[in-house]
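[1] here is my input; please provide its structure:
(2 chains)
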Amino acid sequence: MEPRSSTIGPSLDPNALDSFQFNEEIQQLMTVPQENASSFTALLELPAPQAMELLHHSPESNDSAAPAPAHSNSHTVTVDAHHTPYHFPVGANLTFPSNIALIERAARFSVFAENINNTTTDKSNHNNNNHSPETTESVPSNSSGNLGKVKNEPAESDSNKPNSPPPAENKRSVKRKEREKKVKVTTKKSKSGANESSEDAEKLPYVHVRARRGQATDSHSLAERARREKINARMKLLQELVPGCNKISGTALVLDEIINHVQSLQRQVEFLSMRLAAVNPRIDVNLDSTLAVEVSTLYISSFHPIQQVAFPWVVDPLMDSNLSNMVMPLMWPGGSSQSKQTTISTAMAFGCTSSACLGQEKKKATTLLLQKTHF
Amino acid sequence: MRSPSSLRQEFLKKWILGLQVCNSSKNMNVFERKKAIKLSADVAMASARNGKTCWSRALIVNASRNDNGKEFVEKILGSDYERQNKNSTMNRRTRCRKILKRSCTTIRKAMKRSTPSRPKVFAFSVAKKMIKKRTQLLKSVVPGGEFMDEVSLIEETLDYIISLRAQIDVMKSFANATEIENRKKDRQW
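    Prediction:
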């Protein structure tokens, strides 16, 4: 499991974060099982598609919590794999697929085992019988303790003897708890995933949660762990967004950096607004709404943060991604001439009149601009 | 998908609307102008999120408390103003829920409070205190942060940082553009 984590995760491009695209995580997830094809799915001859479907559903349930616009989901389908993927949160998610595969197998298996047990005289297998009817329920948090036991049995037998029914599962269940296992699935995710779509429940009766060695398996601690992992995943995203946080380890220091960054950004805004106030003796923006819309729509897609504003009147007409063009200040005169110059607005980025511009000077400025940007 | 440039476009559109409001008011000195510019920029940035994020709603609500801010909010949001009011009531509901949750957790904590005896656990408690302090600080920095739980706080911070960056980009280029134009005009003289 561990080597898998190293194969994933090119560092996050900050622009990709704009949209909280968990679906890109899904794409990464989809690549993961293929890498493991030799190890798990081959052994389990398994439901990579079914696992993927479950994964597809459960991260999407996270989307509803994330502040992404609703239509973003439709776009993500068309996002190709070349789009910079998220740095994949290491931990629960990574081992998710294999666990799903195991779970699926185990689920099938538990039914199988039940049949076997019913035919045999081993009626002591209460747990299995109790939980197999729960196939269509979402993961019950209150019985997750029991489930842990039960799930451990078939899964363990699964990995050990893929093709033979486990005869004495009850004995093994006790030993199982003390075995070292990794936490694969967060209960919260499984819960929300199951709640979101009943199809998952049909395909996958319940989701296994493995307890770490020596850790409690009651629902509270499981929920706590799920919450903590959620927080850690988000913190990783934040770390990648804020420059210089990658090397820092430790939540408190990272939080320090984040706070500093946010405060510096806020200070920059103050400083810039002061600068603007000083530059314009009077805030005088003469724009009618049409022009505003036009300006905004023609705002070129590749807007780069401006390092230096060089000669804005470099003639590079139309909607190239020429920075200088966009920066070009647009000294619009008052109302009437604006309509004539709507075509020019295609090359302009901003429309605002400086108060120093009055009457004739305005016309001079605009004619100059017109000449410069003639195309 | 929200691209950065679409965010900037949105922000610019709304900010220009806000600046037009400044036009109509009388001559102000530099500081008042700066405040007006900053306020309009903040409201524009918050409204660019269309009320989807908590910080944006909190920012707008805070802004509409003073008179100046209210003008900007009305101008920029326009017809969305009533919707924003509805969102603010939702805010109240979530706030009540959060208060309830918080009281439950404090009760739970009081019930299972135990002093750590081993040094390892002591280190954990120290770390927890540090983290708690910093989350409090972060909550004070992000608008509307006091009412969020940790998970959503981190998400809101992420979104807030992105919006701030977009805002700074636009404002920087705006300032540069006007400065260059002024310089050009001076040269013409």
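[2] by mean pLDDT, point me to the weakest helix or strand of chain B.
    For chain B, scoring each helix and strand by mean pLDDT, DSSP states H and E identifies helix B:80-111 as the least confident one, at a mean of 67.
[3] check which element follows it along the chain.
    Taking DSSP states H and E as the definition, the helix or strand that follows helix B:80-111 towards the C-terminus is helix B:119-141.
[4] which helices and strands does that following helix pack with?
    Helices and strands touching helix B:119-141, as assessed by 3 or more C-beta pairs under 8 Å, 6 or more residues apart in numbering or on different chains; DSSP states H and E, comprise helix A:251-279, helix B:150-188. No exception for glycine: its C-beta is placed from N, CA and C like everyone else's.
[5] could I get those in CSV, plus columns for distance to B:Cys54?
    Compiled in CSV, the helices and strands packed on helix B:119-141 are given as follows (distance: least, C-beta to C-beta, whole Å):
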stretch, distance to B:Cys54
helix A:251-279, 15
helix B:150-188, 5
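[6] same list (the ones you listed) but as a markdown table, adding distance to B:Phe31, mean pLDDT and mean neighbour count.
    Putting the helices and strands packed on helix B:119-141 into a markdown table (distance: least, C-beta to C-beta, whole Å; pLDDT from 0 to 100; neighbours: other C-beta atoms under 10 Å in any protein chain shown) gives the following:
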| stretch | distance to B:Phe31 | mean pLDDT | mean neighbour count |
| --- | --- | --- | --- |
| helix A:251-279 | 8 | 89 | 18 |
| helix B:150-188 | 17 | 87 | 20 |
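[7] surely B:Arg49 and B:Ser163 touch.
    Yes. With contact defined as C-beta atoms under 8 Å, B:Arg49 and B:Ser163 form a contacting pair (6.9 Å).
[8] find residues that contact each of those two.
    Where contact means C-beta atoms under 8 Å, 6 or more residues apart in numbering or on different chains, the residues bridging B:Arg49 and B:Ser163 through contact with each are B:Ser56.
[9] let me know which of the helices and strands packed on helix B:119-141 is the nearest to B:Leu138.
    With C-beta to C-beta as the criterion, B:Leu138 lies closest to helix A:251-279 of the helices and strands packed on helix B:119-141, at 5.4 Å.
[10] what is the closest one packed up against?
    In terms of contacts (3+ C-beta pairs under 8 Å, 6+ apart), helix A:251-279 is packed against helix A:219-241, helix B:30-47, helix B:119-141, helix B:150-188.
[11] please name every helix or strand in contact with the last one.
    In terms of contacts (3+ C-beta pairs under 8 Å, 6+ apart), helix B:150-188 is packed against helix A:219-241, helix A:251-279, helix A:323-327, helix A:359-372, helix B:4-24, helix B:30-47, helix B:54-63, helix B:119-141.
[12] re earlier: dump the helices and strands packed on helix A:251-279 to TSV, plus distance to B:Ile99.
    Conversion of the helices and strands packed on helix A:251-279 to TSV gives the following (distance: least, C-beta to C-beta, whole Å):
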stretch	distance to B:Ile99
helix A:219-241	19
helix B:30-47	24
helix B:119-141	14
helix B:150-188	15
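[13] for B:Leu100, find the nearest of the ones you listed.
    Evaluated over those, closeness to B:Leu100 peaks at helix B:150-188, with 15.9 Å, by C-beta to C-beta.
[14] what's the spacing between that closest one and its chain's center?
    On the basis of C-alpha atoms, centre = their mean, to the nearest Å, helix B:150-188 sits 14 Å off its chain's mean C-alpha point.
[15] what does stretch B:6-15 give?
    Averaging C-alpha positions (C-alpha atoms, centre = their mean) puts stretch B:6-15 15 Å from its chain's average.
[16] that one near chain A at all?
    Yes. Stretch B:6-15 reaches chain A (C-beta under 8 Å from any C-beta of the partner chain) through B:7-10, B:12-13.
[17] quick one: mean pLDDT over that stretch.
    Per-residue pLDDT values over stretch B:6-15 give a mean of 81.
[18] now do the contacts for A:His261.
    Contact analysis of A:His261 by C-beta under 8 Å, 6+ apart lists A:242-243, B:161.
[19] quick check: it vs B:Glu71, distance?
    31 Å (C-beta to C-beta, to the nearest Å).
[20] re earlier: turn the contacts of A:His261 into CSV, including distance to B:Thr178.
    Below are those laid out as CSV (distance: C-beta to C-beta, whole Å):
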residue, distance to B:Thr178
A:Val242, 30
A:Pro243, 29
B:Ile161, 26
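[21] give me the nearest residue to B:Ser40, chain neighbours excluded.
    Taking C-beta to C-beta, 6 or more residues apart in numbering or on different chains, and ignoring the residues beside it in sequence, B:Ser40 has B:Gly18 as its nearest neighbour in space, at 3.1 Å.
[22] surely the one you found is in contact with B:Glu74?
    No. Between B:Gly18 and B:Glu74 there is no contact, the gap being 10.4 Å when judged by C-beta under 8 Å.
[23] and those two? Which one has more around it.
    In terms of neighbours (other C-beta atoms under 10 Å in any protein chain shown), B:Gly18 is the more surrounded of B:Gly18 and B:Glu74; the figures are 25 against 15.
[24] tell me how far the more buried one lies from B:Glu10.
    Computed as C-beta to C-beta, the B:Gly18 to B:Glu10 distance reads 13 Å.
[25] now do the shared contacts for those two.
    Contact criterion C-beta under 8 Å, 6+ apart; no residue bridges B:Gly18 and B:Glu10 by contacting each.
[26] hmm, back to that, I'd like to know which of the contacts of A:His261 is nearest to B:Asp169.
    Taking C-beta to C-beta as the measure, B:Asp169 sits nearest to B:Ile161 out of these, at 12.8 Å.
[27] what does the stretch 101-250 of chain A have sitting close to chain B?
    For the stretch 101-250 of chain A, the residues found near chain B under the criterion C-beta under 8 Å from any C-beta are A:227, A:230-231, A:234-235, A:237-238, A:241-242, A:250.
[28] widest-spaced pair of these?
    The largest separation in these, counting by C-beta to C-beta, is between A:Arg227 and A:Val242 at 22.4 Å.
[29] circling back: B:Arg108: which of the helices and strands packed on helix A:251-279 is closest?
    In this view, the helices and strands packed on helix A:251-279 are compared for proximity to B:Arg108 by C-beta to C-beta, and helix A:219-241 is the closest at 9.4 Å.
[30] for that closest one, packing partners?
    If contacts are counted by 3+ C-beta pairs under 8 Å, 6+ apart, helix A:219-241 sits against helix A:144-160, helix A:187-196, helix A:251-279, helix B:150-188.
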